[in-house]
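**Q** Show me the folded form of this:
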Amino acid sequence: MSRLAACLFAFVLLLGAAPHFTLTSDDFSEASFGSAFVYDKNGCTGENKIPKLTWSGVPPKTLSFAIIVSDPDAYPATFYHWVRINIPKTVTQLPPADENVKDVGVDARNSFDAIGYAGPCPPRREAPHHYVFTIYALSVDKLVKVGPNSKPDAILNAMRGRVLGQADLTGRYGRGS
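**A** Model (predicted):
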């Protein structure tokens, strides 16, 4: 193999080994969402704890993160269970539910019109819903003109043109009859 071919081969391998932005959790999976992380109102009887989330492979030039938890199966439109913005770029995980996560970013309004995390709580007798946890890598250190009283649509609009990458993790939960 020529020296040039060896360099090109190494470069292609390096590209293939580039980090991939991922989001993981030890607290839930696609098939299992424990009651500790389920909502504690509206007929749901969970503990409403925030699951531990860890992310890696952060895109270069990331200055902050936002996390949005959505239920795309909700009727008549996507329901937002959690919106957290202005998470510092140095943070790569939210701690387990029993630790304080309030100092890591700013919570905004969810679709229940409350500030903070509201775990899964689908209607009874429906197929399990998908709860999509999405972390966004942003090109700004803080989203301005939005804050704790902002609704999900305002946050999504403020993020427009500032997203460098995103990673998703989905869990399913249903309440049965």
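**Q** okay, CA-based contacts and neighbour counts for the rest of this
**A** OK.
**Q** Distance check, residue 53 against residue 134.
**A** Per CA to CA, to the nearest Å, residue 53 is found 10 Å from residue 134.
**Q** what do you get for residue 165?
**A** 10 Å.
**Q** Tell me the pLDDT of the closest residue in space to residue 63 that isn't next to it in sequence.
**A** Take residue 63 and drop its neighbours on the chain: the residue closest to it by CA to CA, 6 or more residues apart in numbering is residue 141, 4.6 Å away. Per-residue confidence (pLDDT) for residue 141: 95.
**Q** Residue nearest the middle of this structure, spatially speaking?
**A** residue 134 (3.0 Å; CA atoms, centre = their mean).
**Q** any idea which helix or strand carries the closest residue to it other than its chain neighbours?
**A** Of all residues not flanking residue 134 in the chain, residue 168 sits nearest, at 4.4 Å (CA to CA, 6+ apart). Using DSSP states H and E, residue 168 sits within strand 163-173.
**Q** what does residue 154 give?
**A** Here residue 154 is assigned to helix 152-159, by DSSP H and E.
**Q** which ones are touching the residue nearest to residue 63?
**A** 63, 64, 86, 88, 89 (CA atoms under 8 Å, 6 or more residues apart in numbering).
**Q** Now with 7 Å, please.
**A** Residues near residue 141 by CA atoms under 7 Å, 6 or more residues apart in numbering: 63, 64, 86.
**Q** roughly how far apart are it and residue 155?
**A** As judged by CA to CA, residue 141 and residue 155 stand 14 Å apart.
**Q** cool, and residue 138?
**A** To residue 155, residue 138 is 12 Å away according to CA to CA.
**Q** Between those two, point out the one with more neighbours.
**A** residue 138 (27 against 22; other CA atoms under 10 Å).
**Q** Skipping adjacent residues, who's closest to the more buried one in space?
**A** In this structure, residue 138 finds its nearest non-sequential neighbour in residue 163, 4.7 Å apart by CA to CA, 6+ apart.
**Q** Nearest residue to residue 147 in space, please, no chain neighbours.
**A** Leaving aside its sequence neighbours, residue 147 sits nearest to residue 108 (CA to CA, 6+ apart; 6.0 Å).
**Q** meant to ask about residue 158, not that
**A** Distances taken as CA to CA, 6+ apart place residue 143 nearest to residue 158, at 6.6 Å, with adjacent residues excluded.
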